[in-house]
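Peer 1: predicted model and sequence below, questions to follow.
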Amino acid sequence: MRHGEQDKGHTTQIQNAATHGRHTANNDFVLEKSIFNNIFEKDIRRVFIYKKAERLAKALHLIAPAFAESVSLRNRIDAIAIGLVDAAVLPPGAARTALSRELLALSSVLSIARTGGLLSAMNAELIAREAHILLQEVAVYEEPRLFLDEAPTLSGIAKNALKRDAEISNAPAAPKPVVSHRSAPVPAPTRKGKIKDKRAPVPVQIKDRQDAVMSVIRNKGSVSIKDISTMIRNVSEKTIQRELAALVESGIIVKRGERRWSTYSLA
């Protein structure tokens, strides 16, 4: 087989490898519960990055025969392919550094191979495109910081409530204010005209969500609903929007912009 025909065959194989993963991802071994929980810590974005790295490694394996005339470059390509897969299972911070290092090495090898005529422009472009997609995924990945699904259990909530009650009962009694019958305090009306009782207890789950939302706003400064939803797991954007509206109404945060361009920051 002539070199051009062989290179064309490699191109077809690379294109097939790039699309094959889309049809088999649902039954992939990587989504086994124990692996998903223990290796990727229930973070589906890390699984997605791993599959991108695996797909690029397959493409590199397919073009390896093109480096038959240069054993050193072929060995380097093989090492990069394995290095990509190994790097993708590391913890997020280490994975970002290791994947970036492997992709930088790959860029140099492709440039050398293209200059030496070992690799066609089409194959080099296909590999470079897959590498660029993976690099973008690594660059925009942000590790989730809040896990509401692992926080308060019913027993934990009960213990905290008992602890607060004990602290209140042990605290010294505050002097009772003298209130005239003529000037009895009236709860301030809300915007909708309803009477708002400030003494009403706040449901624990709502308070937890609001604390989580406030934590993201403090860390980021100015955020959108989409920003918050990527940081807080198992809470829908509709629920986050309701919590933000309540915080805006209470004057704790301020809203700027409308609809999908809205951002929120501390008052």
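Peer 2: Thanks, I have the structure now. Numbers count the residues shown, from 1 in each chain.

Peer 1: avg pLDDT for the helix or strand where residue 99 lies?
Peer 2: Residue 99 belongs to helix 92-115 when assigned by DSSP states H and E. Average pLDDT, helix 92-115: 91.

Peer 1: same for that helix, what does it pack against?
Peer 2: With contacts taken as 3 or more Cβ pairs under 8 Å, 6 or more residues apart in numbering; DSSP states H and E, helix 92-115 sits against helix 44-63, helix 71-88, helix 121-140. C-beta here means a position set from N, CA and C on the backbone, and glycine is covered the same way.

Peer 1: for that helix, which residues meet the burial criterion?
Peer 2: 92, 95-96, 98-99, 102-103, 106, 109-110, 112-114 (16 or more other Cβ atoms under 10 Å).

Peer 1: go on, stretch 223-240?
Peer 2: 223, 224, 225, 227, 228, 229, 231, 232, 233, 235, 240.

Peer 1: got JSON lines for those residues, with secondary structure and distance to residue 261 too?
Peer 2: Below are the buried residues of stretch 223-240 laid out as JSON lines (DSSP: H, G, I helix; E, B strand; the rest coil; distance: Cβ to Cβ, whole Å):
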{"residue": "223", "secondary structure": "strand", "distance to residue 261": "13"}
{"residue": "224", "secondary structure": "coil", "distance to residue 261": "8"}
{"residue": "225", "secondary structure": "helix", "distance to residue 261": "11"}
{"residue": "227", "secondary structure": "helix", "distance to residue 261": "13"}
{"residue": "228", "secondary structure": "helix", "distance to residue 261": "15"}
{"residue": "229", "secondary structure": "helix", "distance to residue 261": "16"}
{"residue": "231", "secondary structure": "helix", "distance to residue 261": "19"}
{"residue": "232", "secondary structure": "strand", "distance to residue 261": "21"}
{"residue": "233", "secondary structure": "coil", "distance to residue 261": "25"}
{"residue": "235", "secondary structure": "coil", "distance to residue 261": "22"}
{"residue": "240", "secondary structure": "helix", "distance to residue 261": "16"}
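
Peer 1: go through those and say which is closest to residue 58.
Peer 2: For these, the closest approach to residue 58 (Cβ to Cβ) belongs to residue 233, at 30.9 Å.

Peer 1: how close does the closest one get to residue 264?
Peer 2: Residue 233 sits 19 Å away from residue 264, going by Cβ to Cβ, to the nearest Å.

Peer 1: same question for residue 32.
Peer 2: Taking Cβ to Cβ, one finds residue 32 at 39 Å from residue 264.

Peer 1: low-confidence ranges in this structure?
Peer 2: 1-28, 143-162, 165, 168-169, 171-207 (pLDDT under 70).

Peer 1: tell me who's in contact with residue 46.
Peer 2: By Cβ atoms under 8 Å, 6 or more residues apart in numbering, the residues touching residue 46 are 40, 88, 92, 95, 141.

Peer 1: quick check, nearest of those to residue 82?
Peer 2: For those, the residue nearest residue 82 by Cβ to Cβ is residue 88; the value is 11.1 Å.

Peer 1: if we can go back for a sec, quickly compare the helices and strands packed on helix 92-115 and say which is most buried.
Peer 2: Of all those, helix 44-63 has the most neighbours on average by mean count of other Cβ atoms under 10 Å, namely a mean of 20.

Peer 1: now do that one and helix 121-140, the angle between them.
Peer 2: Between helix 44-63 and helix 121-140, the angle comes out at 160 degrees (axes from the mean of the first three to the mean of the last three Cα atoms, to 10 degrees).

Peer 1: helix 71-88 and helix 44-63, what's the angle between them?
Peer 2: Using the same axes, to 10 degrees, the inter-axis angle of helix 44-63 relative to helix 71-88 is 170 degrees.

Peer 1: export helix 44-63 as CSV, just CAs?
Peer 2: Output in CSV follows, covering the C-alpha atoms of helix 44-63 (Å, rounded to 0.1, in the frame of the first residue of the first chain):
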residue,chain,number,x,y,z
ILE,A,44,-19.8,13.5,35.9
ARG,A,45,-17.7,16.3,34.4
ARG,A,46,-14.5,14.4,35.4
VAL,A,47,-16.0,11.3,33.6
PHE,A,48,-16.6,13.4,30.5
ILE,A,49,-12.9,14.7,30.6
TYR,A,50,-11.7,11.1,31.0
LYS,A,51,-13.7,10.0,27.9
LYS,A,52,-12.2,12.8,25.9
ALA,A,53,-8.7,11.8,26.9
GLU,A,54,-9.4,8.2,26.1
ARG,A,55,-10.8,9.1,22.7
LEU,A,56,-7.7,11.2,21.9
ALA,A,57,-5.4,8.3,23.1
LYS,A,58,-7.2,6.0,20.6
ALA,A,59,-6.6,8.4,17.8
LEU,A,60,-2.9,8.6,18.6
HIS,A,61,-2.7,4.8,18.6
LEU,A,62,-4.2,4.8,15.1
ILE,A,63,-1.6,7.2,13.7
